[in-house]
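Asks: sequence first, predicted coordinates after that:
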Number of protein chains: 2
Amino acid sequence: MDSVFLALGHQTRRKILDIVKSMPGCSVADVVKYFDDISRIAVMKHLDVLEAADLIVSRKQGRRRELFFNAVPIQMIYDRWTTEYSRFWASRALDLKYLLENPSESAET
Amino acid sequence: MDSVFLALGHQTRRKILDIVKSMPGCSVADVVKYFDDISRIAVMKHLDVLEAADLIVSRKQGRRRELFFNAVPIQMIYDRWTTEYSRFWASRALDLKYLLENPSESAET
DNA sequence: TCCATATGTAACCAATACGTTACATATCGA
DNA sequence: TCGATATGTAACGTATTGGTTACATATGGA
C-alpha cells in the first residue's frame, strides 16, 4: 500500500505508467524516448519503483524487456476507496461545511 | 496530486488521517495520544504533510488546534480513477492475462 | 498571578530519494 | 563475426524525509 501511493506520488512515474498502459509490451527504450529531460538510468530507476509496487510487470524478451501495466494494485486501492470512503461523502464530508459556516474568532492558519 | 499520494504513502499518516476523520475537530494532542512509538514532534511533522496536501484543514482555537479531515483531494483522485481507469478494467486489464497465457521462453525476472 | 497545558520552532542526524556519469553485459542482425 | 543495440550495475552527489532533543511561546484555569 505504501509503495503504490509513493510510486504514484511522482509525476514522472505517473507519466511512465500512462505510457506503459497505452503501449502494452513496450520496451524500456520505448519509454525512455518520451523523456529528454532525464537520463535513461533515471527512467529505469522509476521503472524499478513502479515494478516494486507491482504497478508494472516486466519480462525479458531477448535483449528487450517488455513492460506491462498491472491494474491490480490500483484496483485494490479503488476498492478501498469505495468501501472506506464512499459512505463517508454523505455523512462526514460536512466537516468543511461546518468550518466554513462557523468561523472561529481566531483566523485560520 | 504528488503531495496527496506522497502523504498517503506512509502508514503513520494514513493512521492519522483515519483518526482525524473519525474525530472531527480533535486537537493535535488527541492525535498524539495514539502514538507512543514516535514523538509529538514527529506526529506534528506528519500533520504538516497532510495539511500541505490539503488532506487536513486546521484552525487555532485558543491554545488548541482543531483538525478536520478534508475529503476533497481524495474525492478528486477518486474521480480521476473513475474517468481515467474505469473503462480500462474492461479493455486493458487483459495485459496480465496475456502474459500469463503466453509465457516467454526466458524466465520473467 | 502563576503553574499547567498545548502548541510551535530550531537544530541535528541517519536514511532515503532522485538525479548523474562510467562501465559492463547480453542480444541482435548485417 | 563484430559492431550496434538494449539493458544492467556501481558509484557518486545533492536534496529531502522522518525521526530526535531542546527550547520557546501562547493560552487556560485554579
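Replies: Perfect, thanks for sending it. Remember, it's a predicted structure, so these values are computed and weren't measured experimentally.

Asks: show me where chain A has its helices.
Replies: Using DSSP state H, the helices of chain A run over A:2-8, A:11-22, A:28-32, A:40-52, A:72-80, A:86-92, A:94-101.

Asks: name the stretch among these that sits most buried.
Replies: Most buried of the helices of chain A, by mean neighbour count (mean count of other CB atoms under 10 Å in any protein chain shown): helix A:2-8, with a mean of 20. Just so you know, the C-beta spots here come from the backbone N, C-alpha and C atoms, and that holds for glycine as well.

Asks: what sits up against that one?
Replies: Helix A:2-8 is contacted from outside by A:13-14, A:17, A:49-50, A:52-55, A:73-74, A:77, B:5-6, B:8-11, using CB atoms under 8 Å, 6 or more residues apart in numbering or on different chains.

Asks: what about DNA strand C: which of the residues you listed touch it?
Replies: Restricting these to those near DNA strand C by CB under 7 Å from any atom of the strand leaves A:V49.

Asks: what residues does chain A put near DNA strand C?
Replies: A:6, A:9-10, A:12, A:37-39, A:41-42, A:45-46, A:49, A:62-63, A:109.

Asks: rewinding a little: turn the helices of chain A into a markdown table, including mean pLDDT and distance to B:C26.
Replies: A markdown table is the format used below for the helices of chain A (pLDDT from 0 to 100; distance: least, CB to CB, whole Å):
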| stretch | mean pLDDT | distance to B:C26 |
| --- | --- | --- |
| helix A:2-8 | 92 | 24 |
| helix A:11-22 | 94 | 33 |
| helix A:28-32 | 96 | 45 |
| helix A:40-52 | 97 | 34 |
| helix A:72-80 | 81 | 23 |
| helix A:86-92 | 52 | 13 |
| helix A:94-101 | 54 | 11 |
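
Asks: among the residues of chain A next to DNA strand C, which pair sits farthest apart?
Replies: A:G62 and A:T109 (58.9 Å; CB to CB).

Asks: contact residues of chain A facing DNA strand D?
Replies: By CB under 7 Å from any atom of the strand, the part of chain A that sits against DNA strand D consists of A:S27, A:V28, A:A29, A:V32, A:R40, A:I41, A:M44, A:K60, A:R63, A:R64, A:R65, A:S106.

Asks: ok, so of those, who is nearest B:M23?
Replies: A:S106 (20.4 Å).

Asks: who does the nearest residue to A:V28 once chain neighbours are set aside bridge with?
Replies: In space, and not counting its chain neighbours, A:V28 is closest to A:R65: 5.4 Å by CB to CB, 6 or more residues apart in numbering or on different chains. Beta-bridge partners recorded for A:R65 (DSSP bridges): A:K60.

Asks: give me the nearest residue to A:I56, chain neighbours excluded.
Replies: A:L50 (4.3 Å).

Asks: what about the one you found, distance to DNA strand C?
Replies: 10 Å (CB to the nearest atom of the strand, to the nearest Å).

Asks: for that residue, what are its contacts?
Replies: A:A7, A:R13, A:I16, A:L17, A:V20, A:I56.

Asks: which pair in these spans the largest distance?
Replies: Most distant of these, by CB to CB, are A:A7 and A:V20, 12.4 Å apart.

Asks: measure stretch A:43-61 end to end?
Replies: 19 Å (CA to CA, to the nearest Å).

Asks: now do stretch A:17-32
Replies: The first and last residues of stretch A:17-32 sit 12 Å apart, counting by CA to CA.
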